[in-house]
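*Asks:* would you be able to build a 3D model of this:
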Amino acid sequence: MKDINLHTYTIHFDDVEAQLAALLERTDFSTIFVLTDENTRAYCLPYLLTTLPEDTYYVNIQSGEVNKNIETCQIIWQSLLEQGADRLSLLINLGGGVIGDMGGFCASTYMRGIRFVQIPTTLLSQVDASVGSKLGIDFQQVKNIIGLFNDPLAVLIDPVFLTTLSRAELRSGFAETIKHALIYDADLWTGIQQITDVNAVADWADIIYRSVQIKRAVVQADRKEQGVRKILNFGHTIGHALESHFLTTDTPLLHGEAIAWGMYAEAHISHQQGSLDKNALDDIQAYLTKVYSDCRPSLWPLQSLLEYMRKDKKNKNQRISFSLLDGIGTCTPDQFMDEDLLSGMITELVA
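*Replies:* Now for the predicted structure:
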């Protein structure tokens, strides 16, 4: 597959060992660090060990969204500092969205910025999170509220890592591909509706590549989310609130699971606002229910969801912001809603 260029960096596909070897050969680094969690250290790092120099340093953190916080950043910064990382060092972020977001944030703030490479190992991070230069952490259970935009040196994508994932992780990542189809590509939506079991997908390469093409087109037009890039937030206003709420319970949702039900709800709001016809709504909700039925929230805690949505960084003048569908493959950002109207729609949806 052809490389995809975005801003100041290139997204490379397939054969991660060759990609990494070429990058390390053409660029001089004083020291190299690899950030992993316990899962990527065990299952993904072995793919790279013969390529990495013997004097590479390894930083290991605990996996999960619950650890995407300033306390974990302190562990990463301390490791960089203790091992003598300087402005010519490289941090390789080997993992999913949490590793990529937090590792990129730590690299961008250590010594006012060192170079970093994203090697996404989950479907979620390959189709979405590693592309677009958004970096950050959660704070007081608000998603990605602390962060910045900064480009990596490169993104290296290889579907080989997907063989290490559970069905739940694959399905979580698939939600972002569904989102890309609904906001941008009606033909992709038609194609992916044939997928009802993510374990039955023999080759993810084409799906990943098309998702990255869509993400690249949107981000290239609006790097810092001042306009059209906001369509990528479809499903995320309610989805992030669901994710944040259930993260504090005994039944947390994976990011993509929360986003799937966020899209279910926001498609309903799109229809109620008059922009999405009933046939399209039924199509979307039926498909999401079929794929994500066993992780449907048992309750929709309205007041808790509103509390999280009030803190959404896209809001303006105390009005909650949405990106809503105009139809399959098209979306409009900056749709602001009053809480009373929104509460009524959510109550109607789950009644």
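*Asks:* which elements pack onto the helix-or-strand element of the chain with minimal mean pLDDT?
*Replies:* Counting by mean pLDDT, DSSP states H and E, the chain has its least confident helix or strand at helix 339-350, which shows a mean of 88. On a contact count with 3 or more Cβ pairs under 8 Å, 6 or more residues apart in numbering; DSSP states H and E, helix 339-350 meets helix 255-272, helix 302-310. All C-beta spots, glycine's among them, are computed from the backbone N, C-alpha and C.
*Asks:* 6 Å instead?
*Replies:* Packed against helix 339-350 by the contact rule (3 or more Cβ pairs under 6 Å, 6 or more residues apart in numbering; DSSP states H and E) you find helix 255-272.
*Asks:* just want the angle from the helix it packs on to helix 302-310.
*Replies:* In terms of direction (axes from the mean of the first three to the mean of the last three Cα atoms, to 10 degrees), helix 255-272 departs from helix 302-310 by 90 degrees.
*Asks:* for helix 255-272, buried residues please.
*Replies:* Residues of helix 255-272 classed as buried by neighbour count (16 or more other Cβ atoms under 10 Å): 255-272.
*Asks:* where exactly do the helices run in the stretch 51-200 of the chain?
*Replies:* Listed from the start of the chain, the stretch 51-200 of the chain has helices (DSSP state H, counting those that start in this stretch) covering 70-82, 97-109, 123-124, 167-184, 186-192.
*Asks:* and among these, the most buried is which?
*Replies:* Comparing the helices of the stretch 51-200 of the chain on average neighbours per residue, with mean count of other Cβ atoms under 10 Å, the densest one is helix 123-124 at a mean of 29.
*Asks:* and that one, what does it pack onto?
*Replies:* Identification of packing neighbours for helix 123-124 by 3+ Cβ pairs under 6 Å, 6+ apart yields helix 167-184.
*Asks:* pLDDT averaged over the helix it packs on - what is it?
*Replies:* If you average the pLDDT over helix 167-184, you get 97.
*Asks:* same thing with stretch 27-38?
*Replies:* The predicted model gives stretch 27-38 an average pLDDT of 97.
*Asks:* let's verify residue 336: helix, strand, or coil?
*Replies:* Secondary structure for residue 336, judged by DSSP: H, G, I helix; E, B strand; the rest coil, is strand.
*Asks:* beta partners for it?
*Replies:* residue 321 (DSSP bridges).
*Asks:* where in the stretch 201-350 of the chain is pLDDT low?
*Replies:* Residues of the stretch 201-350 of the chain that meet the criterion pLDDT under 70 are absent altogether.
*Asks:* residue 10 is nearest to which of the helices of the stretch 51-200 of the chain?
*Replies:* Closest approach to residue 10 among these (Cβ to Cβ): helix 97-109, 16.0 Å.
*Asks:* now that closest one against helix 167-184, angle please.
*Replies:* When the same axes, to 10 degrees is applied, the directions of helix 97-109 and helix 167-184 differ by 70 degrees.
*Asks:* any idea of the angle helix 97-109 forms with helix 70-82?
*Replies:* Here helix 97-109 runs at an angle of 50 degrees relative to helix 70-82 (the same axes, to 10 degrees).
*Asks:* which residues touch the residue nearest the centre of the chain?
*Replies:* Residue closest to the average C-alpha location in the chain (Cα atoms, centre = their mean): residue 129, at 3.3 Å. Under the criterion of Cβ atoms under 6 Å, 6 or more residues apart in numbering, the contact list for residue 129 reads 97, 100.
*Asks:* if we go to 8 Å?
*Replies:* Counting by Cβ atoms under 8 Å, 6 or more residues apart in numbering, residue 129 makes contact with 96, 97, 100, 101, 120, 176.
*Asks:* that older thread, now the helices of the stretch 51-200 of the chain as TSV including distance to residue 251?
*Replies:* As requested, the helices of the stretch 51-200 of the chain are arranged in TSV below (distance: least, Cβ to Cβ, whole Å):
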stretch	distance to residue 251
helix 70-82	23
helix 97-109	19
helix 123-124	19
helix 167-184	13
helix 186-192	27
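*Asks:* now for the ones you listed, which one comes closest to residue 14?
*Replies:* For the helices of the stretch 51-200 of the chain, distance to residue 14 was read as Cβ to Cβ. The smallest value, 15.4 Å, belongs to helix 123-124.
*Asks:* name the residues that touch that closest one?
*Replies:* Under the contact criterion Cβ under 8 Å, 6+ apart, helix 123-124 has outside partners 96-97, 162, 165, 169-170, 172-177, 204, 208, 255-256.
*Asks:* name the nearest of those relative to residue 148.
*Replies:* Within the contacts of helix 123-124, proximity to residue 148 (Cβ to Cβ) peaks at residue 97, which comes in at 16.1 Å.
*Asks:* could you list every residue that touches that closest one?
*Replies:* 120, 122, 124, 125, 128, 129, 130, 255.
*Asks:* from those residues, which is closest to residue 156?
*Replies:* Residue 156 lies nearest to residue 120 out of these, by Cβ to Cβ, at 8.1 Å.
*Asks:* so the closest one touches residue 152, yeah?
*Replies:* No: proximity of residue 120 to residue 152 does not meet the contact threshold set by Cβ atoms under 8 Å, at 10.6 Å.
*Asks:* give the residues shared as contacts by those two.
*Replies:* Contact criterion Cβ under 8 Å, 6+ apart; residues shared by residue 120 and residue 152: residue 130.
*Asks:* about what we covered before: so which bits of the least confident helix or strand of the chain are buried?
*Replies:* Buried residues in helix 339-350, counting neighbours by 16+ other Cβ under 10 Å, are found at 342, 345, 346, 349.
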